[in-house]
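J.: any chance you could fold what I've pasted below:
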Amino acid sequence: MGKPTGFLEIPRRVPGYRPADERVKDWSAVERALSLPETQDQAARCMDCGIPFCHGYGCPLSNVVPEWNDLVYRGRWRDALELLLSTNPFPEFTGRICPAPCEGSCVLGIHRDAVTIRCIECAIIEHAFEEGWMTPRLPPVRRMDRVAVIGSGPAGLVLAHALNQKGFHVTVYDAAAKPGGLLRYGIPEFKLEKRIVDRRIRLMEAEGVMFECGVTVGEDVSLKYLRDRSDAICLAGGAREPRELRIPGRGLKGIHFAMDFLRQQNQRRDGEIIPADDSISASGKRVIVVGGGDTGADCVGTSLRQGAKEVLQIEILPEPPAVRSPSTPWPTWPLMRRDSSSHLEGGARRWCVTGQAFLESHGHVSGMRCVEVSWNKDANGRMAMQERPETAFEVQAELVLLAMGFVGPRQSQILKDLGVQFDPRGNVIKDGNHMTNVPGVFSAGDMSRGASLVVRAMADALAAADGVAHYLDDNHSMVASMPHQ
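T.: Here you go, the predicted structure:
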């Protein structure tokens, strides 16, 4: 490596956040950025560890982390960019929203603070855009084959990009007004500014990808229409069916799924009109967020920015330890408490709590009756939840947001028309080449693997693009148009 003693001499430094009292008043990105020299110092901390678990174990995309860290340290930013793009098509997304499992498996992290891999990744791609290096990259030849991608979230965009780079004609269909899926509508602006999504979409369009938005496949356009115009179809609709909380009072007004709440806020920011009767707002209200994951945290930050009076986030699982749990030794992803930027802005959290019933006032939710729970091993050695006697309590709230994860793809007309098969968990079944039981129909991302990290959906989509290419190579003409000049 460029500086063999860097990890001994240079402490870990992260950019940090803008002051909480400042950032809750706007929707701009909360995270700061280090200068280029500071980033080079951080890259110098990467060890010559011999076996880079960050690359082969921690990163679903198999990013070649040590090598591009070394290039950054040496100031060879453009070479670092090319190496990064060789494995990761959209580092501007993962560099902002990925929880960085690579850092959890960093060898330096065994005894010291891990290398700031995610921040260095983001610095590489942002420097590239600033320098004008991210220009359209056209495929060397154009094939005659046409591919339809249904869904424009992380998996759909990666599929479209990878297939376009292989020379196929790609059209992406999405029911939403604009492309981006989860990146545009599910992740708050303060974590991922939509100008970043728009910038990538413009680049993809310049490279030849077509986007058809405001189109629900199976309703606005038929399966026959799609088959007549496509040699392969790729399903990338994600795992959008939310987990329910089936307790008394669920039908009261004021109880919503988290994604409906987050989606509306992003639509407002993007200038889309929300009908007054459907509007969900935390302004002036006491809010309960049910679910302790990232989506729940996003609801906390969004509620605070909308002007919520109080915010309480409850989680049914126990509070994680402050440091890595012995149950998740290196290089596994560490079980430990993580405080997001939203948690540092306000609100309260409680663990080992579940809901018993919603409280009512004139047909609207007025609160929630909760109870504390404990977790113990049952006769089969599995962890089982039990309510703790005499621990019930009530929390007042005018808005309840359910953020308990997702159970599989949302059933749609196109899935019915295609006749794809599902596994017992409700995910679309695919083979080793990502093809479903229907010849020429493929699936990628959360729709077939279940709800997971954006970076895992992206890696799955890259593998699916290879499967589509193999299928078309075997079943369709290799005739190509003239090479790009």
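
J.: got the domain boundaries for this protein?
T.: Under automatic domain parsing, the residue ranges defining each domain of the chain are 6-131, 146-240+407-475, 244-404.

J.: for the shortest one, measure first residue to last.
T.: Looking back up the chat, that one is domain 6-131. Using C-alpha to C-alpha, to the nearest Å, one end of domain 6-131 lies 27 Å from the other.

J.: what of stretch 240-253?
T.: 22 Å.

J.: what residues of that stretch count as buried?
T.: Of all the residues in stretch 240-253, those buried under the rule 16 or more other C-beta atoms under 10 Å are 240, 242-243, 245, 249, 252. Any C-beta I mention is one placed from the backbone N, CA and C, and that applies to glycine too.

J.: off-centre distance for that stretch?
T.: Put simply, stretch 240-253 sits 23 Å off its chain's centre (C-alpha atoms, centre = their mean, to the nearest Å).

J.: pLDDT weak spots in the stretch 351-485 of the chain?
T.: Applying pLDDT under 70 to the stretch 351-485 of the chain flags the ranges 476-485.

J.: for it, what spans make up the helices?
T.: All helices of the stretch 351-485 of the chain, identified by DSSP state H, counting those that start in this stretch, fall at 413-418, 446-449, 454-475.

J.: got TSV for the ones you listed, with distance to residue 102 too?
T.: Shown next, in TSV, are the helices of the stretch 351-485 of the chain (distance: least, C-beta to C-beta, whole Å):
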stretch	distance to residue 102
helix 413-418	34
helix 446-449	19
helix 454-475	9
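
J.: ok, which of those comes nearest residue 7?
T.: The closest approach between residue 7 and any of these, judged by C-beta to C-beta, belongs to helix 454-475 at 24.6 Å.

J.: pull out the buried positions in that closest one.
T.: Applying a neighbour-count criterion of 16+ other C-beta under 10 Å, one finds 454-462, 464-465, 467-469, 471-472 buried in helix 454-475.

J.: can you check stretch 101-113 too?
T.: Within stretch 101-113, the residues that qualify as buried are 101-109, counting by 16+ other C-beta under 10 Å.

J.: please apply the same query to stretch 195-204.
T.: Neighbour-count burial for stretch 195-204, counted by 16+ other C-beta under 10 Å, picks out 196-197, 200-201, 203-204.

J.: before we move on, back to that, show me the two of the buried residues of stretch 240-253 that sit farthest apart.
T.: Among those, 240 and 249 lie farthest apart (C-beta to C-beta), at 24.6 Å.

J.: strands of the stretch 151-300 of the chain, start to end?
T.: Using DSSP state E, counting those that start in this stretch, the strands of the stretch 151-300 of the chain run over residues 169-174, 210-213, 232-235, 241-242, 255-257, 286-290.

J.: which of the ones you listed sits most buried?
T.: strand 232-235 (a mean of 28; mean count of other C-beta atoms under 10 Å).

J.: give me the helices and strands touching that one, please.
T.: strand 146-150, helix 154-165, helix 413-418, strand 441-443, helix 454-475 (3 or more C-beta pairs under 8 Å, 6 or more residues apart in numbering; DSSP states H and E).

J.: of all the strands of the stretch 151-300 of the chain, which one is nearest residue 11?
T.: strand 286-290 (34.7 Å).

J.: in CSV: the strands of the stretch 151-300 of the chain, plus distance to residue 400 and mean pLDDT.
T.: As requested, those are exported to CSV (distance: least, C-beta to C-beta, whole Å; pLDDT from 0 to 100):
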stretch, distance to residue 400, mean pLDDT
strand 169-174, 29, 98
strand 210-213, 31, 98
strand 232-235, 32, 98
strand 241-242, 13, 95
strand 255-257, 5, 98
strand 286-290, 5, 98
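
J.: stretch 327-335: how far from the chain's middle?
T.: 21 Å.

J.: any buried residues in it, and which?
T.: Of the residues in stretch 327-335, 330-331, 333-334 count as buried by neighbour count, 16+ other C-beta under 10 Å.

J.: before we move on, back to that, between the helices and strands packed on strand 232-235, which one is nearest to residue 359?
T.: Of those, the one closest to residue 359 (C-beta to C-beta) turns out to be helix 454-475, at 36.0 Å.
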